[in-house]
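what follows is a predicted structure for the sequence shown.
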Amino acid sequence: MLKVAVLISGTGSNLRALLEAASDPSYPARIVAVGADRAAAGLAHADEFGIPSFTVPFADFASRDEWGEALERELAAAAPDLVVLSGLMRLLPRGVVARFAPQIINTHPAYLPEFPGAHGVRDALAAGVDQTGASVIVVDDGVDTGPILAQERIPVLPGDTEDTLHERIKPVERRLLIDVVRRIATGELRLDAPAIP
């Protein structure tokens, strides 16, 4: 059984979808810890499902590296086989990536390498493209530059706003994430040999 730790910053909609999937006895992964870099609303999902949670507030530390060291300690205590970034709106320090890579994955609301960074949906709209997408990637030291594990195209519709487009991307992100975690757990997908070059 694959042990998964999930890191969030906000409402945790992807986290909830993963918790619901993992509550099915046939799903080959279990969430063992949920962490956040602030007092995130999504921690309530962990409480509801009886999953241990922790908060490592970024603002409490003098530097990103010090914050990363504290985060690394919390993650190590949970001893996960996989770390999932689920709306964590902060780059992981190199030390955290080095400790857990390549067993760290992230979802992104764009068809990478198009529109990396914190504003993928907004950037797609600003570029005037007729399609964007959702991706699941391995986390490395860059900004959304790691190997791509799964992705899917999503049309940009006339009149789309950042909110309406993001709301259509989110269900695809969730579905891709649940499937990727399942395939990692069954050994069908190896993080040292991603399926998409």
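Perfect, I can see it now.

next, the buried residues of the helix ranked longest in the chain.
In the chain, with assignment by DSSP state H, the single longest helix is helix 162-186. Across helix 162-186, burial judged by 16 or more other Cβ atoms under 10 Å covers 165-166, 168-170, 172-174, 176-185. In short, each C-beta sits where N, CA and C put it, glycine included.

I'd like the average pLDDT over that helix.
For helix 162-186, mean pLDDT is 97.

which residue packs closest to Met1, ignoring adjacent ones?
With sequence-adjacent residues excluded and distances taken as Cβ to Cβ, 6 or more residues apart in numbering, Met1 is closest to Arg30, at 5.6 Å.

oops, could you answer that again for Leu191 instead?
Among residues not flanking Leu191 along the chain, Pro102 sits closest, at 4.3 Å (Cβ to Cβ, 6+ apart).

so who does the one you found touch?
Pro102 makes contact with Val138, Asp140, Pro147, Leu191, Asp192, according to Cβ atoms under 8 Å, 6 or more residues apart in numbering.

could you check how far it is from Asp163?
Distance of Pro102 to Asp163, computed by Cβ to Cβ, to the nearest Å: 33 Å.

try Gly10
Using Cβ to Cβ, Gly10 is found at 14 Å from Asp163.

so what's the closest residue to Ala79 other than its chain neighbours bridging to?
Excluding the flanking residues, the one nearest Ala79 by Cβ to Cβ, 6+ apart is Lys3, at 6.7 Å. Beta bridges link Lys3 to Arg30 when assigned by DSSP bridges.

what is the burial count for Lys3?
Neighbour count of Lys3, defined by other Cβ atoms under 10 Å: 15.

with Gly133 instead?
If we define neighbours as other Cβ under 10 Å, then Gly133 has 23 of them.

I'd say it and Thr107 touch.
No - counting by Cβ atoms under 8 Å, Gly133 sits too far from Thr107 to count as a contact (11.3 Å).

and the residue lying closest to Thr107 once chain neighbours are set aside, what is it in contact with?
Residue nearest to Thr107 in three dimensions, not counting chain neighbours: Glu173, with 4.6 Å by Cβ to Cβ, 6+ apart. For Glu173, the contact set (Cβ under 8 Å, 6+ apart) comprises Asn14, Thr107, His108, Pro109, Ala134, Val136.

return the distance of the third one relative to Pro28.
Pointing back at His108 there. According to Cβ to Cβ, His108 stands 24 Å off from Pro28.
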